[in-house]
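> Make a model of this:
(8 chains)
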There are 8 protein chains.
Amino acid sequence: MDVRELLEKVKTGAVDIEDAQKVLKDLPYEDLGYAKLDHHRKLRSGFGETVFCQGKPDAYLLEIYRRFYERDGEVLGTRATGEQFKLVQSAVPEVVYDPISRILKVERPGKERKGLIAVCTGGTADIPVAEEAAQTAEYFGCAVDRIFDVGVAGIHRLLSQRDRIMKANCIIAVAGMEGALGTVIAGLADCPVIAVPTSVGYGASFHGLSALLTMLNSCANGISVVNIDNGYGAGYLATQINRLAVR
Amino acid sequence: MDVRELLEKVKTGAVDIEDAQKVLKDLPYEDLGYAKLDHHRKLRSGFGETVFCQGKPDAYLLEIYRRFYERDGEVLGTRATGEQFKLVQSAVPEVVYDPISRILKVERPGKERKGLIAVCTGGTADIPVAEEAAQTAEYFGCAVDRIFDVGVAGIHRLLSQRDRIMKANCIIAVAGMEGALGTVIAGLADCPVIAVPTSVGYGASFHGLSALLTMLNSCANGISVVNIDNGYGAGYLATQINRLAVR
Amino acid sequence: MDVRELLEKVKTGAVDIEDAQKVLKDLPYEDLGYAKLDHHRKLRSGFGETVFCQGKPDAYLLEIYRRFYERDGEVLGTRATGEQFKLVQSAVPEVVYDPISRILKVERPGKERKGLIAVCTGGTADIPVAEEAAQTAEYFGCAVDRIFDVGVAGIHRLLSQRDRIMKANCIIAVAGMEGALGTVIAGLADCPVIAVPTSVGYGASFHGLSALLTMLNSCANGISVVNIDNGYGAGYLATQINRLAVR
Amino acid sequence: MDVRELLEKVKTGAVDIEDAQKVLKDLPYEDLGYAKLDHHRKLRSGFGETVFCQGKPDAYLLEIYRRFYERDGEVLGTRATGEQFKLVQSAVPEVVYDPISRILKVERPGKERKGLIAVCTGGTADIPVAEEAAQTAEYFGCAVDRIFDVGVAGIHRLLSQRDRIMKANCIIAVAGMEGALGTVIAGLADCPVIAVPTSVGYGASFHGLSALLTMLNSCANGISVVNIDNGYGAGYLATQINRLAVR
Amino acid sequence: MDVRELLEKVKTGAVDIEDAQKVLKDLPYEDLGYAKLDHHRKLRSGFGETVFCQGKPDAYLLEIYRRFYERDGEVLGTRATGEQFKLVQSAVPEVVYDPISRILKVERPGKERKGLIAVCTGGTADIPVAEEAAQTAEYFGCAVDRIFDVGVAGIHRLLSQRDRIMKANCIIAVAGMEGALGTVIAGLADCPVIAVPTSVGYGASFHGLSALLTMLNSCANGISVVNIDNGYGAGYLATQINRLAVR
Amino acid sequence: MDVRELLEKVKTGAVDIEDAQKVLKDLPYEDLGYAKLDHHRKLRSGFGETVFCQGKPDAYLLEIYRRFYERDGEVLGTRATGEQFKLVQSAVPEVVYDPISRILKVERPGKERKGLIAVCTGGTADIPVAEEAAQTAEYFGCAVDRIFDVGVAGIHRLLSQRDRIMKANCIIAVAGMEGALGTVIAGLADCPVIAVPTSVGYGASFHGLSALLTMLNSCANGISVVNIDNGYGAGYLATQINRLAVR
Amino acid sequence: MDVRELLEKVKTGAVDIEDAQKVLKDLPYEDLGYAKLDHHRKLRSGFGETVFCQGKPDAYLLEIYRRFYERDGEVLGTRATGEQFKLVQSAVPEVVYDPISRILKVERPGKERKGLIAVCTGGTADIPVAEEAAQTAEYFGCAVDRIFDVGVAGIHRLLSQRDRIMKANCIIAVAGMEGALGTVIAGLADCPVIAVPTSVGYGASFHGLSALLTMLNSCANGISVVNIDNGYGAGYLATQINRLAVR
Amino acid sequence: MDVRELLEKVKTGAVDIEDAQKVLKDLPYEDLGYAKLDHHRKLRSGFGETVFCQGKPDAYLLEIYRRFYERDGEVLGTRATGEQFKLVQSAVPEVVYDPISRILKVERPGKERKGLIAVCTGGTADIPVAEEAAQTAEYFGCAVDRIFDVGVAGIHRLLSQRDRIMKANCIIAVAGMEGALGTVIAGLADCPVIAVPTSVGYGASFHGLSALLTMLNSCANGISVVNIDNGYGAGYLATQINRLAVR
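Down below sits the predicted model:
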C-alpha cells in the first residue's frame, strides 16, 4: 500500500487533496453495482479473484467472466454447471469446462508448475472434490500428484503409496463417510496436511458433518480442516504453503 | 418357556387354574416395588442381571446387591463410586472394587475363561471404558487380550500388534476424539468388530459425538457400534459372539 | 501374509530384493487409477469386495463390475438404480436386479446356506433395508428367516413370532420411527442383535436420527447398531457372527 | 367471565365507569412487582397456581408460599431443594417435603381421590419424575396406581402388569434411555397415554433428547409427550383427562 | 383376553393343547407376509387400524385397502397422493379423497358425532395438518369446531373466539413458525390441549423444530405435544379424551 | 382503544349491551374462514398487513389480494412465484412483480420517502434478501441506500463505503457464509444495525445456521438479528426505527 | 474522522509525514498489550466501552477499571461476581455492585434520563437478564419502565399492562422456556421490540435454544433478537433506538 | 524407512530372519502397556511427541515425563493443572509451568528461533489459547509475534497492526464469540492463516460451535481451521509451514 508515497506527493503538491482522497477510495476494486471486482487482490496476495459460479444470475456471470478475462487474460471459476459453460462460452469462446471438478476456466498456456502437492482421496466418490483442489493448485502454479481411493478401511492401499505421498510439500486429504484419511496420513507425513471433508455418505454422515467432526478431532499433529466439499479452498491454501516451500 | 408343561399339568389337574395363573405371573422376577429383579434372565439368556450403580439411591443399591448375592453367590455392577463401594462392603464384605473401570463385583472363584476377545484402545485416556468392557467379558467367562494405545495417528503401533489382534473371535475397539480405530481394525480383521466411542476429547468432540459418528459411518465391513462410553455393552455383546464361536 | 516365505526366498536368492519390494507393493490390489480393487480382501477376510453403486459414474461402474465378474465369477452391488442395472447388463448379461433391495448382482449357483439369521422389521416401509440385509447374508452363505411388520406398537405380533426369532444365531432388527424393536427383541433373545435404524418417518424422526438414538440408548444387553439404512453392513456383520457359530 | 354482568351494572349505574375499569384490570391477579400471582386461575381452570421453586430467590419464594397459603390454605411447589424446605418451613410450619419427588407442599387433609391414573416407569432411576407426576395428580384429586421398573428390555415385567395398567382412565409412561415404554403401553391400552422422557442415561441419550425423540416418533396411537423430566406437567394433564372421565 | 376361558376348556378337554397353542398364536392379526393387519385392534381399543399411505408400494396399498374394506366396510388412510387415490379407486370405487388433508377413506354413512373438539390454527398454512386432525376425529365419531388463523401475533383474533374454544372437551392447537398458539390457549382453557407443531416456516424454523421446542417448553399447564405435522395423532388422541368425557 | 367511549355509550343507552358485545368482537378483522384479515392493524401500528405468498393455495391468494386492494388501494406480498404473479394479475391487473426480491405488490403512486436506511450485503448472492428488505422499507415510506458486495473478506471495499453507510438512521447488514458483515459495520456505526443471515453457502453453513450464530454472537454493540433470509422482517423493523428518527 | 484536516496540515508542513503516520496509528486506542482500550469509541458512537467481567483475570480487570475510571470518571461492567466487586472496590472505592443484574459500575451522578424503554419479562426467573438490560439503558441515559412476570400463559396479565407498554419508544421482551412473549407484544405494539431469550428452563429448552428459535421465527412484525441472556446488548440497542426518537 | 538396508543384511546373512522380524516390530516405540511412547516420531517428522496432560492418571503422567526427559532432555506437555505441575516437579525438578497457557515443559536452553509466526486474538479472553499456540511454536523453534485484542468489532485496532501481521510466514487467528477475525486477516494477508475457534462466549456460542462454523464458512481464501481451543494444534501446524518457508 503506497500511503507514504501518496502522502509525499500531497506534501509536494504533486497530488492535491481531493485527488488523494479519490485514489484512496477508488483504487482497490471495480464497482459493477451488484459486485465489486477485487482487481487489487492480485497485487495484495499474488492470486487473482476466483468466481464462485453456483447460483450467480446469468447476466452477472457473463459480465464477470468477460471483465476478468479482458483484464487478466485468464479466469478461474468453480461449481459451474454445463448450462453456465455454454452461456460463458458464447462470450468467451476460449473457456474450458471439466464436468468432474465443475471448474470453468481460461488458463494462460505455458505456466510453469513448481513444487509438489499430493491430493489423496478415501474413495472414488470423493474425486470431484479432489479434482477441484488439484486443478485449483495447478491453475495457481503447483505440480500435483493424484493418489485416489486409498481409504483407511484397506490400510495396505495407503501404505503402499507412502513414498509418493511423502514427497509433497503439502498433502490434501479428501474423504467423506468417517473421514479418517487425514489422521492416518498426518501420522505418517512430516508436512502440513489439509483435510477436506466431503458430503459423500448417507444416514448419520449428515451431509459431511461426520467427516468434518472426525477431521477436527484428529489425534494427529499438523492437520487442519476446510469446509465440507471445499476443494477450492484446500487447493488455494496448499498453493500458498507450496509457494513458501519453493520460493 | 414351560408353557406346554404347565398346560399339561393343568389338563391332568396336577396344577389348578388359579395356581397356573400365579405361576405365569410371578415366575419371571422378584418385585421390590421400586425395582423388579429379573432372576429369570439367567435362564433366558445365560447371563445374570447386572447392576447399573450410577445414581441409585443407597437403600436401593444395598438391597439389590444383597438379593443378587444371596441368590447367585455373585453379582456384577458398573459405574460405581468409591462411596458406593464402602456402602455395599458393609453388607457384602466380599465385594471388590476397581477404581479404573469402576466395576464393583463379587465373582465366584475358579471360573474358566474360554475363547478370545481382543480389547484395543486408541489412547491411554480410553482405558477406563476398555477395562469396563474387558472385565465384563472376563466375568461372563471369556479370555481377554488387552492391546492399549494403538491409535491410528501412529499407524505403526497398530500394525505391529496385528498378529495378536487377529487371533480373537471378536474385537472391541475403544476410541474417543476422531474415533477411527474401529475402521482400520475392521479393515484388517476377519471377525466382528464392536466399536465403542468414548467421551475423551474436547471442543468439537462434543462429548463423544464425533467418535460416535465416525464409527457409524465406517467404510469398513463387519463393524457395529454401541453407546458412548458403553464398555459394559460391548463386553456383553462380545461375550455372546465369543460364546457362539466356542460352543 | 507370506512375509516369512518371502524373506526366506530373499535369503536363498530365489527372489531378489527389487522383486521382493514389488511383491510387497503390488500384491494387495488392482489399481484402476480412480479405484483400487481389493482382490486381496477375499484372502484376508473370506468375503469379496462389494460395490457401492450409488453415485458411481457410469464408466467406473461398468469397469468395476466387469473386473470383479471376470476374476471371481460373481459380484455383489448395493444401492443400484434401474438405470444402472440396464447399463451393467449391457456388459455383464448375467446380472440380476431386485428393485426392492436395490441389489445388483451375479451370484454363482448352488451355494450352500448355513446357520440361521433372523431379519425382523418394525413396519412394511422398513422392508427395503431389511431385504438389503437379508440378501447380503444369503449371498455370503447364510440361511435367513424374514419376519416383517412386527413393530412394538402391537406387541402381540412380535410375541407370536418369538419361537422363530429365537432359533437364529444372530438377529437383525430393522426399524424407523421410534426404533424400539431392537430393544424388545434383545430382551427376549440370547444371541447378538444388530439394530438397523431406517430413515422411515417424518418430522422429528429427522431422517432416522430418532431411531438411531433409540437403538444406541437401548436398555437391553447384547445389541449394537449400524448406520441409518445400512442393511448391507448389518447383513455382512451377521454373516461373520453366523460363520463363527457354524464353523 | 362476568363481562355481561358488569356491563349491566354499568348501565344501571350500580357500578360507575372508573370502578368498572378497575375491576377489569385488578381482578385477575395479585401484583408483587417481581411476580403476578394468578389467583383467578382457580376460577378459570379449577386448579390453583403451582410454584416452580427452582432458582427462585429466597425472599420471593417465602412471600409466594405465604400468600398462597394464606389465601387458599394449601399450596403446591415443585423442584424444591432441602434448603428451600427449611426456609419455607420457618414461615409456613405446615409445609411438607418429599426428597424423592422434590415436592414441597401444604395439602388440605381429607381430599377425596377420584378416578384412576396409572404411573409407570421404565426403570428405578425414573422414579423421581414419576413421583412428581403421581403426587401432582393426587394433590389435584386423582387416585393413582404406581407401576415401576417395567421397561421394555424385559417385556414380561410389563405384560404381567397389564391388567392393572388397563384399569386407568389415563396412563403416564415415564422413561429415559431409549424411552420406548410409552409406545408399548399405548399399543396395549385404549386410553390416553402421556409420555414423559427423562434425562436418565448417558452418552448419546443427550440428557433426555433420545427418549424425547423416541416418544415423539411413536408408531402407536393415543400418545402425546411433555418436556423432559416434566412430571408435573404430565400429572396436571392426566388430572384434566381423569376429571373429564369421572365428571 | 380369554386366557381363563381357554384354560378351562383345556382342563375339560373341550380344547386340546395343540389347538390352544394355535389360538393363542393366530388370533390377533392377519398375516400378509409384508404386513400384519391388526384386526384385533378394534376389539382392544375401539378404533380400527389406519393406513399410513406415504411410501407404500402400490401392490401393498391396494391389497391393504381391499382387505380392510371387505372386513369392516370402511377404512381410513392418511398422507395419500392423488395418484394413490386413483389407484385405490380402481379396486374400491367408494373411496373418497380430500387433497387438502390428503385423507383417503371410505366412511360408513350415518355415523353419530358426539362431544366436541376444537381445532385451531395459527395461520392459513397450517390448515392441511388441522384438517387431518379434524377429519380423523370426525371419522372416529367426534363433533369438531374449526377455528383457523388465530395466531398469537394478532392476539385479538384469538380472544374474540374464546367462547367457541372454551366449549370443547379437548382442544387441538396447530401452529408452525414460533408455535406459541398452544400456550396461550392452554392458559385460557380448562381442558386438555394437544399441540401440533407444523413444518410451516423457513430458515431457523428448521422444518418444524422451532415450533416443536416451543410447545414442549410451554409455561402453560394442561398441554402435551405430538410429532411435527402429526394431525392424525392429535385427532386420534383427542377422540380418546372426548370419548372419556361423553361416555 | 375506545373501551371508555363504548362504556359511556352503554351507560347513556346510546349503545345497547348486545351491540356493545358485537363491536368488541367484530371490529378488529374480516373473517374469510381460512384467514382472518387484520384490517385493524393499520390503525394499531401504522402498517397494513402483508401477504406471505409462499405456499398459499391459489383461491386463498387471489381473494386476499382482491380484498386488501379493494379496501386499501395497495397491497404488499413477499416470496411470490412467477406463477402467482400471473394468477393475481388476472384479478388485480395493477399488480407488479420483481423476480429478484420476489415481491408482488400494488403501490400507490407518489409516496414520499423519508429518512435513510442503508442496506448492505456481503456478496452478490445475498442481493435477493437485501432487495426484499429494501423494497419493504421503500413501500412503507423510507429512503434506502443500497451498498452491495462489501463483505469482510476484502475489508477495503467496506471501508471505502463508510461515509455512505454512516449517514443512515438504521443499517441492514445481509450476509451468508460466515456472516461477519454485521459485526464490522456495527463496530463502525453509531446507529442500530439489523443483521440478516442468509442461506447462501454450502457444507457447514447448514442453510444459514452458521451466519445466524455468528450474528447472534457478535462482539459489537447495537446489533440484533432476524430469521434466516427474512429480508421483509428487517425492512419492516428498520422502517419503525427510521420513523422514530424522522418524526 | 479528521483525515482531511490531517492531510491539510501535512500539505502546509504543520505536521510532518512521520507524525501523520503515528497519529493515524495511535489515535484510536490505548494499548495495554493484553487489551486495547477503545477510548475512541465514545467519539465514534457516543457510548463508552463496557467491561465484560466474566473470566477476566484479576490483574487485567483491576487495571481496566482503573484506566476507564481515571479517563472518564465512570465505568460500566457486566457479569461481575461478588469477588470481582471486592477486588475492584479495593482500587476504585466508588464502585457499586448489584447482585441481581451482576452489574458493577461507577456512574456519574445527576444524569438525565430521556425517552422511555419498557422492559418486560415472561417470569420472575427472567428478572436478572431484564435488570441487566434496564440498568444498561439507564446508565446510557434512558428512562425505563419495568413490567415483570407477564408471560403469555396467563395472557390477562399482559393485556392489563398494555397501556404502560404502549408508551415506550422501544420494548425489550425477556423470556425463557417457550419465549413467546416477544411475539404477542410485537403484535400489540407499534414500536420496535427487542427479544431476549433467556436460559431459564430445563429439558428441551436446551439452555435457551428453544426461546431463541421461537423469537427468531416470530410471526409478528417489528421484532429482532439478541443472544441468549444478552440483557446488555438489548439495553444498548434500545438506547440507540430511544436516542433516535428523542433527539 | 530402512527396509532395504535390512533386506540386504538378511540376504548376506548379517541379520537372520527372526531378528529381522523383531526389528520391524520393535523399532518404532517403547511400550509401557498403558501407553506406547512414539520415540520414532522425531525421526519421522522432526518433532518429539507431546504429552496431553488433561485427565492422565498421576502414575502414568509421572512415568511419561520421566521417560521423555531421560531420552530427549526436554519434554512438552499441554493442558496441565497446577497439581500436575507439583507432581511432575517432584520427579523432574527442571520442569516449568505457565498457568495462562497451562503448558508444562522442560526446554533445552539456547534454541534458535527462526522465521516468523504472528499469533492474533480477537479479545483478552482468547489469550490462554493463543499462548498455547505461541509457546508451542517457540518450543519447536519459531519466532513469534503476539498481537492481542484486535477483534473485528473495532476494526481500526486490527488495521493499525497490519504491518506487523503482514511480516509473518503464517498467521494464527484465535477468536471466540462470532469468530470473524480469521476472515478479515486472511483477506488482508498473503500467507496461510490458521483459525482457532475458542470456547469463549455464552448462550448461542454453544461452547465454541459458533466461532467454529464461522471459520469453516469463511469467504476468504487461504484459511483453515483446527478444533475449538486447540492452540497446540495451530502452533504445531504453523511451525511446519514456517519451517518450509525458512529451510
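> Near the residue in chain A that chain C sits nearest to, how many other residues are there?
Closest residue of chain A to chain C, CB to the nearest CB: residue A:203 (3.0 Å). All C-beta spots, glycine's among them, are computed from the backbone N, C-alpha and C. Counted with other CB atoms under 10 Å in any protein chain shown, residues neighbouring residue A:203 total 22.
> Direction included, what does the helix or strand in which residue A:144 is found pair up with?
Taking DSSP states H and E as the definition, residue A:144 sits inside strand A:142-147. With DSSP bridges as the test, strand A:142-147 is paired with strand A:114-121 (parallel).
> following the partner strand, which helix or strand comes up?
Using DSSP H and E, the helix or strand that follows strand A:114-121 in sequence is helix A:127-139.
> where does chain A have its least confident helix or strand?
helix A:17-26 (a mean of 59; mean pLDDT, DSSP states H and E).
> Run through the residues that contact the residue of chain A closest to chain C.
B:216-217, C:197, C:199, C:207-208, C:212, C:227-230 (CB atoms under 8 Å, 6 or more residues apart in numbering or on different chains).
> So which residues of chain A form strands?
Using DSSP state E, the strands found in chain A span residues A:30-31, A:36-37, A:51-52, A:75-78, A:96-98, A:103-106, A:114-121, A:142-147, A:170-175, A:193-197, A:223-225.
> Include mean neighbour count and mean pLDDT when you put these into TSV, please.
Output for the strands of chain A, formatted as TSV (neighbours: other CB atoms under 10 Å in any protein chain shown; pLDDT from 0 to 100):
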stretch	mean neighbour count	mean pLDDT
strand A:30-31	14	72
strand A:36-37	22	74
strand A:51-52	22	93
strand A:75-78	24	96
strand A:96-98	15	97
strand A:103-106	24	97
strand A:114-121	25	97
strand A:142-147	20	97
strand A:170-175	31	97
strand A:193-197	33	98
strand A:223-225	31	97
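> could you dump these to a markdown table with distance to residue F:137?
Below are those laid out as a markdown table (distance: least, CB to CB, whole Å):
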| stretch | distance to residue F:137 |
| --- | --- |
| strand A:30-31 | 23 |
| strand A:36-37 | 23 |
| strand A:51-52 | 28 |
| strand A:75-78 | 34 |
| strand A:96-98 | 41 |
| strand A:103-106 | 37 |
| strand A:114-121 | 48 |
| strand A:142-147 | 48 |
| strand A:170-175 | 45 |
| strand A:193-197 | 40 |
| strand A:223-225 | 40 |
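> of all these, which lies closest to residue G:124?
Closest to residue G:124 of the strands of chain A, according to CB to CB: strand A:223-225, at 44.7 Å.
> quick revisit: how many neighbouring residues does the residue nearest to the residue of chain A closest to chain C when sequence neighbours are not counted have?
Among residues not flanking residue A:203 along the chain, residue C:228 sits closest, at 3.0 Å (CB to CB, 6 or more residues apart in numbering or on different chains). Residues within reach of residue C:228, counting by other CB under 10 Å, total 27.
> How about residue A:182?
The number of residues near residue A:182, taken as other CB under 10 Å, comes to 32.
> Quickly note the distance from the closest residue to it other than its chain neighbours to residue A:223.
Excluding its sequence neighbours, the residue lying closest to residue A:182 (CB to CB, 6+ apart) is residue A:195, at 3.4 Å. Distance check for residue A:195 against residue A:223: by CB to CB, to the nearest Å, it reads 6 Å.
> Name the residues contacting each of the two.
A:173, A:182, A:215.
> tell me the angle the strand holding residue A:144 makes with strand A:170-175.
40 degrees (axes from the mean of the first three to the mean of the last three CA atoms, to 10 degrees).
> Show me how chain A divides into domains.
According to the TED database, chain A comprises the domains A:31-104, A:112-244.
> Go through the ones you listed and pick out the most buried.
domain A:112-244 (a mean of 26; mean count of other CB atoms under 10 Å in any protein chain shown).
> What residue in chain A comes nearest to chain F?
Per CB to the nearest CB, residue A:228 is where chain A lies closest to chain F, at 3.0 Å.
> got a list of what that residue touches?
So residue A:228 contacts A:197-199, A:207-209, A:211-212, F:202-204, H:216 (CB under 8 Å, 6+ apart).
> Dihedrals phi and psi, it?
For residue A:228, the backbone dihedrals are phi -50, psi 130 (criterion: degrees, to the nearest 10).
> what do you get for residue A:190?
phi -120, psi 20.
> could you check the distance from the residue of chain A found nearest chain D over to chain H?
Closest contact between chain A and chain D, by CB to the nearest CB, is at residue A:204 (10.9 Å). Distance check for residue A:204 against chain H: by CB to the nearest CB, to the nearest Å, it reads 19 Å.
> Figure out how far stretch A:214-231 is from the centre of its chain.
What separates the centre of stretch A:214-231 from the centre of its chain is 16 Å, taken as CA atoms, centre = their mean, to the nearest Å.
> same deal with stretch A:162-170?
20 Å.
> Using PDB, write out the CA atom coordinates for that stretch.
What follows is stretch A:162-170, C-alpha atoms only, in PDB (Å, rounded to 0.1, in the frame of the first residue of the first chain):
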ATOM      1  CA  ARG A 162       3.600 -43.900   1.100                       C
ATOM      2  CA  ASP A 163       6.700 -42.900  -0.800                       C
ATOM      3  CA  ARG A 164       4.700 -40.900  -3.300                       C
ATOM      4  CA  ILE A 165       2.800 -39.100  -0.600                       C
ATOM      5  CA  MET A 166       5.900 -38.300   1.400                       C
ATOM      6  CA  LYS A 167       7.500 -36.300  -1.400                       C
ATOM      7  CA  ALA A 168       5.000 -33.500  -1.300                       C
ATOM      8  CA  ASN A 169       5.400 -30.100   0.400                       C
ATOM      9  CA  CYS A 170       1.700 -30.200   1.400                       C
END
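> can that stretch be found next to chain H?
Yes: counting by CB under 8 Å from any CB of the partner chain, chain H is contacted by stretch A:162-170 at residue A:169.
> what about that stretch, near chain B?
No: counting by CB under 8 Å from any CB, chain B is not contacted by stretch A:162-170; separation bottoms out at 10.1 Å.
> Identify all contacting residues around stretch A:74-83.
Residues outside stretch A:74-83 that contact it (CB under 8 Å, 6+ apart): A:48, A:50-54, A:65, A:68-69, A:88, A:92, A:95, A:97, A:99, A:102-108, A:132, A:136, A:139, A:231-232.
> Leaving aside the residues adjacent along the chain, what's closest to the residue of chain A found nearest chain B?
Closest approach between chain A and chain B, counting by CB to the nearest CB: residue A:180, at 3.3 Å. Excluding its sequence neighbours, the residue lying closest to residue A:180 (CB to CB, 6+ apart) is residue B:180, at 3.3 Å.
> Quick check: end-to-end length of stretch A:116-129?
The stretch stretch A:116-129 measures 19 Å between its terminal residues, going by CA to CA, to the nearest Å.
> Same question for stretch A:149-159.
Using CA to CA, first and last residues of stretch A:149-159 are 12 Å apart.
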